[in-house]
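Q: Give me coordinates for this.
(one chain, ligands or ions: 1)
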Amino acid sequence: MQGSKELRDKLADACRLLYMEGLMDHGGLIGARIPETGNLLLIPREMRGTPGRHPGLMEGDDFVVVDPQGKRVEGSNNPPSETPIFTGVFKARPDVMAVFHLHLAYATLFSTVGKPLMAIGVTGAPFGATVPVDPDPTLIQRPEQGEALARTLAQNQAMILRGHGAVIVGASIEQAFCASVMLEDNALRLFRASQIGTPQALEGAELAEARSQIWHPKVIAKMWTFYNMKGAQLGVIKGDKA
Ligand SMILES: [Zn+2]
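A: Below you'll find the model as predicted:
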């Protein structure tokens, strides 16, 4: 079976923790590149003979393996219909090892009214001054759509699919997870700030400094540890990893 047990278990834990945090439900997709083969390990379209899936119940064996063009090469479940998100981004970004596509409520909200998703605090800093938005509001089911959104993403940590969701990338599953939490946190803060006044965005040197402070391996390790401990405490994941 392609993909190490460690990689598969970590991807399954990410599903469970994203579910715990309300960032994934029947929708939302995550995947990782398999270093040994270059193929992609993706959350399946359906699991265990049902017509759906549950991220909070995901196990390492449930994932499906596709080649870089999105064709299934392993696993009994089907790849997700939005597989072109993964093939497009993984092809365009050799540095990326994990891609998450989440229907984040607040991060997506700003794109529905044409307002920029600005960095207003440290949790927004990894994404630059504003998060790029791809204008295509439909599901990403054709290869050319995946290539287009990868161009919009460019070298950024995340991008928004207008009115649909976010695409978040990382050099590891831990990075993609922490970026997902931070992206939605900054968006929620921006939304709330907009209710009481004019949000003050981080700019220039302060934005760069905040990014170097927060987008740091120690912060990512600390966050990943916290969410794993929380997951173990709540019985969302097995308790031997925290
Ligand atoms: Zn979607």
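Q: Isn't Ile160 up against Leu117?
A: Yes. Look at Ile160 against Leu117 with C-beta atoms under 8 Å: they come within range, at 6.5 Å. The C-beta positions use only the backbone N, C-alpha and C, and glycine is treated the same way.
Q: where do the contact lists of these two overlap?
A: By the contact definition C-beta atoms under 8 Å, 6 or more residues apart in numbering, Ile160 and Leu117 are jointly contacted by Ala107, Phe110, Ser111, Val131, Val133.
Q: Quick check: of those, which has the highest neighbour count?
A: Ala107 (27 neighbours; other C-beta atoms under 10 Å).
Q: where does it land on pLDDT?
A: Looking at Ala107, its pLDDT stands at 98.
Q: State the helix or strand in which it lies.
A: helix 105-112 (DSSP states H and E).
Q: helices or strands up against that helix?
A: strand 158-161, strand 165-170, helix 173-196 (3 or more C-beta pairs under 8 Å, 6 or more residues apart in numbering; DSSP states H and E).
Q: contacts for it?
A: Under C-beta under 8 Å, 6+ apart, the answer for helix 105-112 is 116-117, 131, 133, 158, 160-166, 183-184, 186-188, 190-191.
Q: What strands flank the helix or strand just after it, and is each parallel or antiparallel?
A: Later in the chain than helix 105-112, the nearest helix or strand by DSSP H and E is strand 133-134. In the sheet, strand 133-134 lines up against strand 158-161 (parallel) (DSSP bridges).
Q: residues of the partner strand that come out buried?
A: Ala158, Met159, Ile160, Leu161 (16 or more other C-beta atoms under 10 Å).
Q: Could you dump those residues into TSV and include distance to Thr138?
A: Shown next, in TSV, are these (distance: C-beta to C-beta, whole Å):
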residue	distance to Thr138
Ala158	19
Met159	15
Ile160	14
Leu161	9
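Q: just checking, Pro132 touches Ile160?
A: Yes. At 7.2 Å, Pro132 and Ile160 qualify as touching, with contact defined as C-beta under 8 Å.
Q: what lines up beside the helix or strand bottoming out on mean pLDDT in the chain in the sheet?
A: Ranked by mean pLDDT, DSSP states H and E, the weakest helix or strand in the chain is strand 72-74, scoring a mean of 95. Using DSSP bridges, strand 72-74 pairs in its sheet with strand 64-66 (antiparallel).
Q: what mean pLDDT would you report for the strand it pairs with?
A: For strand 64-66, mean pLDDT is 98.
Q: next one: stretch 137-156
A: Mean per-residue pLDDT for stretch 137-156: 98.
Q: For the helix or strand encompassing Asp13, give me every contacting residue.
A: In this structure, Asp13 sits in helix 5-20 according to DSSP H and E. With C-beta under 8 Å, 6+ apart as the test, helix 5-20 has contacts from 24-25, 28, 30-32, 34, 41, 43, 54-63, 98, 100, 102, 173-174, 176-177, 180, 227-228, 230-231, 234, 236-237, 241.
Q: Understood, closing this out.
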